[in-house]
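Student: Sharing a model that was predicted from the sequence below.
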Amino acid sequence: MSNFIKAIVLILTGVASVSAQAQILGWTWESNIPLTHEDFEIIRQTVDQQVHGKPVGTTASWSNPSSGTSGTMKLLKKDRYRKLHCEQIQYTFQTTTRSVSPERYVLNSCLTPDGWKIAG
């Protein structure tokens with residue numbers, strides 16, 4: 001099992017698990033959609049370039065033909081937490097490699113001196 005996201009909102013970095021379990025900065029959840037390291041890099045780049053710092057309601061899509069996965073992200077809200085700028089983003093993942101429903105996650109991240117980090 002690989003490491004998952006490094007701070008997305010995220011700044012999603014890390015490496016995904018091949019199927020069952022994913023981990024975000026110590027958090028784990030079950031997933032039926034395998035995400036590769038390449039998927040997470042595409043997600044991280046997309047959220048950094050097209051979502052972070054944009055107006056609430058902004059959406060962006062990504063896809064990785066080599067893994068058969070794709071998804072969207074939508075900026076749901078912005079606020080402040082402990083003097084940090086924070087954003088709540090909805091991520092939806094889907095795959096063509098399995099017959100499974102799309103999965104949706106809502107994660108909060110905050111901009112720290114080290115970049116975007118997932119907030120607990």
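Tutor: That came through fine. Keep in mind the model is a prediction, meaning the values are calculated, not measured.

Student: Please name the bridge partners of Y91.
Tutor: For Y91, the residues forming beta bridges with it (DSSP bridges) are M73, Y105.

Student: and I43, what element?
Tutor: Assigned by DSSP states H and E, I43 belongs to helix 37-50.

Student: List phi and psi for G53.
Tutor: Dihedral pair for G53: phi 80, psi 0, per degrees, to the nearest 10.

Student: Which pLDDT value belongs to it?
Tutor: With respect to pLDDT, G53 has a value of 90.

Student: Just give me the neighbour total for it.
Tutor: Neighbours of G53 under the rule other CB atoms under 10 Å: 14. No exception for glycine: its C-beta is placed from N, CA and C like everyone else's.

Student: repeat for the one 3 residues further on
Tutor: Applying other CB under 10 Å, we find 11 residues neighbouring V56.

Student: where does it land in three-state SS?
Tutor: Secondary structure state of V56, per DSSP: H, G, I helix; E, B strand; the rest coil, is coil.

Student: Now do the next helix or strand after the helix holding I43 against helix 37-50: the angle between them, please.
Tutor: Sequence-wise, the next helix or strand downstream of helix 37-50 (DSSP H and E) is strand 59-64. Computed by axes from the mean of the first three to the mean of the last three CA atoms, to 10 degrees, the angle separating strand 59-64 from helix 37-50 equals 150 degrees.

Student: Which neighbouring elements make contact with strand 59-64?
Tutor: Judged by 3 or more CB pairs under 8 Å, 6 or more residues apart in numbering; DSSP states H and E, the packing partners of strand 59-64 are helix 37-50, strand 69-81.

Student: Now tell me what touches that strand from outside.
Tutor: With contacts defined as CB atoms under 8 Å, 6 or more residues apart in numbering, strand 59-64 is touched by 36, 38-39, 42-43, 46-47, 50-51, 69-75.
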